[in-house]
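Asks: Just to be clear, the model below is a prediction. Sequence and coordinates:
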Amino acid sequence: MARIRFEHVEKKYSNGFHAVKDLNLDIQDKEFIVLLGPSGCGKSTTLNMIAGLEDISDGALRFDDEIVNFAPPHRRDVAMVFQSYALYPHKSVFDNIGFGLKMRKVPRDEIERRVREAAGKLEIDHLLDRRPSQLSGGQRQRVALGRAMVREPAAFLMDEPLSNLDAALRISMRAEIKELHRAMQTTFVYVTHDQAEALTLADRIVVMNDGVVQQIGTPDDIYERPKNTFVASFLGNPPINYIDGQIESTDGSTARFRRGDLAFDLPASIAAKLGSSHGREVRLGIRAEDVDETAAGAAGSVIRGKVNSILPVGSDQFLGFDLAGQELFFRVGKDLAHNLGDDVALSVDLNRLHLFDKDSGETLLW
Ligand SMILES: Nc1ncnc2c1ncn2[C@@H]1O[C@H](COP(=O)(O)OP(=O)(O)OP(=O)(O)O)[C@@H](O)[C@H]1O
């Protein structure tokens, strides 16, 4: 069992670089937590602090109630799976999976039992005599998972474990990792910069940027109720569109957004949150999928522009849309027939609008 808690944790590297700032995070036993953010945001550093591979500059890290800041890696009941797999090239699959147990002097028949059980779950039991060089990328990744599984750790730590796999295999391995978590009933902490992976796998996602946690929440929270423009922009494909403008005529129950000729009556649920924000500079967010191609939307919800680009993506298409000189990107059904330069009217789903303070980027809605 492992509840993992960061309390005001800081990480400064020896060159003075401040990689993680005031991290507070309470990971529940058996939870699947995904650390998500762009390259260099401090995800791996955070994971390595849990593993004991990086020391902690300040604050406390607890496993259950015990402070483990100074516990060496082998005294932490965690297993780590790396992007590079880190397999021993000259050992068989069996020996790779069982190596950690052998080092810990686990009896031979117990090793045999645990290796075969893990290999069975991962469907690599027919490969136990091979060397890593005789395996595909996905099979190697399973061996790396198997090596972590046989240790029966209290927590699994995974650093971009799927990033070396091709797109199709990544999706099927995601499903397997999710199943593994269900079957193992263990805490998982998983690092990725891939939003789709985070949304699929996580019980809760921790979005980081520049060493600072931006938001912690369920995939639904993070996608539907982003706290700031960083989180809103990091998730979504194509990314959310922003239109800067002002709030005019708020009276607590109605509110209007305006940028030049473009004006929307905001729904009452949004108006209620704005209070007396008359004249406030705001950034309106429209997710790429939150438009419909019909001019028959609710009053004041239609935006008109020209088709700038058309990118088919299988079942959908991405539409580049010129709104009075600003390019927006929307995701629409593939059956909509357009030519470059066409005038189109898109109806915006006003109930799914996002609204941020223009200067701070913080949400005005939740
Ligand atoms: N040993 C080190 N000394 C100094 N700075 C470091 C060291 N290791 C990492 N950093 C810096 O700390 C920051 C966070 O690194 P980290 O590896 O945690 O990022 P990340 O979010 O995992 O990125 P990526 O997805 O690229 O692996 C980066 O700016 C990195 O350059």
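Replies: Perfect, I can see it now.

Asks: Most proximal residue of the stretch 151-300 of the chain with respect to the ligand?
Replies: With C-beta to the nearest ligand atom, the shortest gap between the stretch 151-300 of the chain and the ligand falls at His193, namely 5.1 Å. All C-beta atoms are positioned from the backbone trio N, CA, C, and that covers glycine.

Asks: what number of residues lie near that residue?
Replies: His193 has 17 neighbours, counted by other C-beta atoms under 10 Å.

Asks: try Gln214
Replies: Count around Gln214 with other C-beta under 10 Å applied: 21.

Asks: Same check on Phe318?
Replies: 17.

Asks: Equivalent analysis for Gly138, please.
Replies: Neighbours of Gly138 under the rule other C-beta under 10 Å: 18.

Asks: can you pull the pLDDT of it?
Replies: pLDDT for Gly138: 84.

Asks: Could you list the low-pLDDT ranges of the protein?
Replies: Within the chain, the segments meeting pLDDT under 70 span 1, 250-252, 276, 295-300.

Asks: Who are the packing partners of the longest strand anywhere in it?
Replies: Looking across the chain with DSSP state E, the single longest strand is strand 302-313. Packed against strand 302-313 by the contact rule (3 or more C-beta pairs under 8 Å, 6 or more residues apart in numbering; DSSP states H and E) you find strand 316-323, strand 326-333, strand 343-348.

Asks: Provide the count of other residues in contact range of the nearest residue to Pro226 once chain neighbours are set aside.
Replies: Spatially, and ignoring its direct neighbours in sequence, Pro226 is nearest to Ala232 (3.9 Å; C-beta to C-beta, 6 or more residues apart in numbering). Using other C-beta under 10 Å, Ala232 has 24 other residues around it.

Asks: picking up where we left off before, can you redo the helices and strands packed on strand 302-313 as a markdown table with distance to Ile216?
Replies: Shown next, in a markdown table, are the helices and strands packed on strand 302-313 (distance: least, C-beta to C-beta, whole Å):
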| stretch | distance to Ile216 |
| --- | --- |
| strand 316-323 | 30 |
| strand 326-333 | 27 |
| strand 343-348 | 29 |
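
Asks: would a markdown table of those strands with distance to the ligand be doable?
Replies: Shown next, in a markdown table, are these (distance: least, C-beta to the nearest ligand atom, whole Å):
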| stretch | distance to the ligand |
| --- | --- |
| strand 316-323 | 26 |
| strand 326-333 | 25 |
| strand 343-348 | 34 |
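
Asks: Thanks a lot, see you next time.
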